[in-house]
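In: what follows is a predicted protein model with its sequence.
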Amino acid sequence: MLRQQDVGHRIVVRRIVGIREGRPLFSDALGELVELSETHLTLSTAQGQVRVPVAQVHRAKRVPPTRRPTAAAVVALERAADEAWPAPTRAQLGDWLLRSADGWTGRANSALPIGDPDRPLAAAVDAVERWYAEQGQPPIINTPLPLAAPVGAELDARGWAARPPVLVQTTPLPLRPSPASTPVVPGAATATNEPGAAAGHHVGTVAEQSGTAAAPAGRWSSAVVELSPAPSAEWLAVAAGRKGGLPDAARHVLTAVDQVRFAHVYVDGTLVAVGRGTVTGQGRWLGLSLIEVLPVARRQGLAGRVVHELAAWGVSAGATHAFLQVEQHNTAAVALYQRLGFTTHHTYLTRVAPD
Ligand SMILES: CC(C)(COP(=O)(O)OP(=O)(O)OC[C@H]1O[C@@H](n2cnc3c(N)ncnc32)[C@H](O)[C@@H]1OP(=O)(O)O)[C@@H](O)C(=O)NCCC(=O)NCCS
């Protein structure tokens, strides 16, 4: 059992969550023990804080801390992620990258301060501010942590704001089989140059579709995941809905990668789920982005199936690992990715200069 000395350490807790046919049902939680009282223990997990009554604890023990990735591993992954989301306008400040894409997404419109900027830190931040002023854009710096913590401290001193933390998560490939994924119909995942080319496909944005009546469950499980080297117009409409418009630069960000696939799931002619996969980082990294399912089609296993199909394509293209970026407070997506086997490699904060 746990003692006060375990507070602050990583633990796993097996709790009894019910009884079925006279046998206890267990659920496991993994995280940092933040509080231990006589009645409860509180864990900080990837999904947020979990409070467990001591009476429900079947077993609990300390586990070794997660191994922090090396700085070199963080740099390599951040560079692979940059290749996977390529801003059309780019410059370098020593090793630092400066990126601009008509303001479309923070990632493609921020400086990436990794490596040596070839000048003192304060002068480097001044240069970033000047470059973005020339682009007519607010200066934004994306700080992978803890690698770029010194940059973060400089930005704190200058009063830069921070957007909510983003988790950069990874998993080895192939993906482990997921209970969330419905078995894929053999031969269902197809590579086609004409995504959604069948007649009658409706341009279905999430907002438009959110009021649609629930469909019979079998409808979703028989849906086919199509992988295509180009996005359909409907796919782009979903991306525009999620990211707030679609300037020309956005098309570049989405498509200017040699190895890229766009996942489309149509049901009755309506695009109900999308996703994007890239292989970058010298062929090592499958990058997943824009995984999205219409509200009416959620919790039917579609996102899991989209990720599995993109992962299978990534493996066939030679990738050995997958990564994605997810906002820490996006509990649905974090739960989905945890179920698929992803864990947090590092985090980043998007920092925005004061007006
Ligand atoms: C996140 C999202 C893609 C999940 O799509 P989905 O098709 O509903 O996910 P799945 O049905 O494949 O879910 C698989 C598992 O993930 C977890 N999960 C998914 N949504 C969840 C939610 N809202 N709450 C808790 N767990 C959730 C569950 O473990 C689920 O299995 P279960 O339904 O058997 O419990 C969807 O909610 C969405 O489109 N959100 C808006 C866009 C977005 O945030 N995309 C991710 C950007 S990184």
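Out: Structure's in. What do you need? Fair warning: this is a prediction, and the values are worked out from it, not measured in the lab.
In: tell me which parts of this protein are close to the ligand?
Out: By the rule Cβ under 6 Å from any ligand atom, the part of the chain lying against the ligand is 180, 291-293, 298-304, 326, 330-333, 335-336, 339. Every C-beta, even on glycine, is put in place using the N, C-alpha and C of the backbone.
In: out of those, which are inside helices?
Out: Within the residues of the chain next to the ligand, residues falling in helices by DSSP state H are L302, A303, G304, T331, A332, A333, A335, L336, R339.
In: nearest spatial neighbour of the first one, chain-adjacent residues omitted?
Out: By that I understand L302. For L302, ignoring the flanking residues on the chain, the nearest one in space by Cβ to Cβ, 6 or more residues apart in numbering is A273 at 4.3 Å.
In: tell me which element the one you found falls in.
Out: strand 270-280 (DSSP states H and E).
In: kindly report the domain assignment for the protein.
Out: Listed domain ranges for the chain are 4-62, 91-165, 174-319 (source: automatic domain parsing).
In: how about the ones you listed in a markdown table, adding mean pLDDT, mean neighbour count and distance to A353?
Out: Listed next are the domains of the chain as a markdown table, based on pLDDT from 0 to 100; neighbours: other Cβ atoms under 10 Å; distance: least, Cβ to Cβ, whole Å:
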| stretch | mean pLDDT | mean neighbour count | distance to A353 |
| --- | --- | --- | --- |
| domain 4-62 | 88 | 14 | 30 |
| domain 91-165 | 96 | 18 | 4 |
| domain 174-319 | 80 | 18 | 20 |
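In: any idea how far the one helix or strand V50 maps to is from the middle of the chain?
Out: Assessed by DSSP H and E, V50 sits inside strand 48-53. Here the centre of strand 48-53 is set off from its chain's centre by 24 Å, with Cα atoms, centre = their mean, to the nearest Å.
In: after it, which helix or strand is next?
Out: Taking DSSP H and E, what comes next after strand 48-53 is strand 57-62.
In: between strand 48-53 and that following strand, find me the angle.
Out: Put simply, strand 57-62 runs at 130 degrees to strand 48-53, going by axes from the mean of the first three to the mean of the last three Cα atoms, to 10 degrees.
In: can you list contacts of strand 57-62?
Out: Residues outside strand 57-62 that contact it (Cβ atoms under 8 Å, 6 or more residues apart in numbering): 1-2, 6, 9-16, 24, 26, 41.
In: again with stretch 37-53
Out: With Cβ under 8 Å, 6+ apart as the criterion, stretch 37-53 contacts 2, 11, 13, 15, 29-36, 54-55, 57, 60, 167, 331, 334-335, 338, 343-344.
In: make it 10 Å
Out: Where contact means Cβ atoms under 10 Å, 6 or more residues apart in numbering, the residues beyond stretch 37-53 that reach it are 2, 4, 6-7, 10-13, 15, 17, 27, 29-36, 54-57, 60, 167, 169, 328-329, 331, 334-335, 337-338, 342-344.
In: the residue nearest to L302: what's it in contact with?
Out: A273 neighbours (Cβ under 10 Å, 6+ apart): 220, 223, 225, 238, 263-267, 291-294, 297-298, 300-303, 305-306.
In: what's the answer for A240, then?
Out: Going by Cβ under 10 Å, 6+ apart, A240 touches W104, T205, L246, P247, A250.
In: okay, the residues you listed in a markdown table with secondary structure and distance to T89 next?
Out: Below are the contacts of A240 laid out as a markdown table (DSSP: H, G, I helix; E, B strand; the rest coil; distance: Cβ to Cβ, whole Å):
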| residue | secondary structure | distance to T89 |
| --- | --- | --- |
| W104 | coil | 11 |
| T205 | coil | 28 |
| L246 | coil | 17 |
| P247 | coil | 12 |
| A250 | helix | 13 |
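In: where does H346 land in three-state SS?
Out: strand (DSSP: H, G, I helix; E, B strand; the rest coil).
In: next, count neighbours for it.
Out: 21 (other Cβ atoms under 10 Å).
In: pLDDT value on it, please?
Out: pLDDT recorded at H346 is 93.
In: beta-bridge partners for it, please?
Out: V168 (DSSP bridges).
In: the ligand versus that one, what's the distance?
Out: Taking Cβ to the nearest ligand atom, to the nearest Å as the measure, H346 falls 16 Å from the ligand.
In: wait, that residue sits on N142?
Out: No. Applying Cβ atoms under 10 Å as the test, H346 and N142 come out as separate, 11.9 Å apart.
In: got any residues that touch both of these two?
Out: Counting by Cβ under 10 Å, 6+ apart, the residues touching both H346 and N142 are E78, A148, V166.
In: skipping adjacent residues, who's closest to the second one in space?
Out: Leaving aside its sequence neighbours, A148 sits nearest to P113 (Cβ to Cβ, 6+ apart; 5.2 Å).
In: and A332, by the same measure?
Out: Spatial nearest neighbour of A332, excluding adjacent residues (Cβ to Cβ, 6+ apart): R298 at 7.8 Å.
In: can you flag which of the shared contacts of H346 and N142 belong to helices?
Out: E78.
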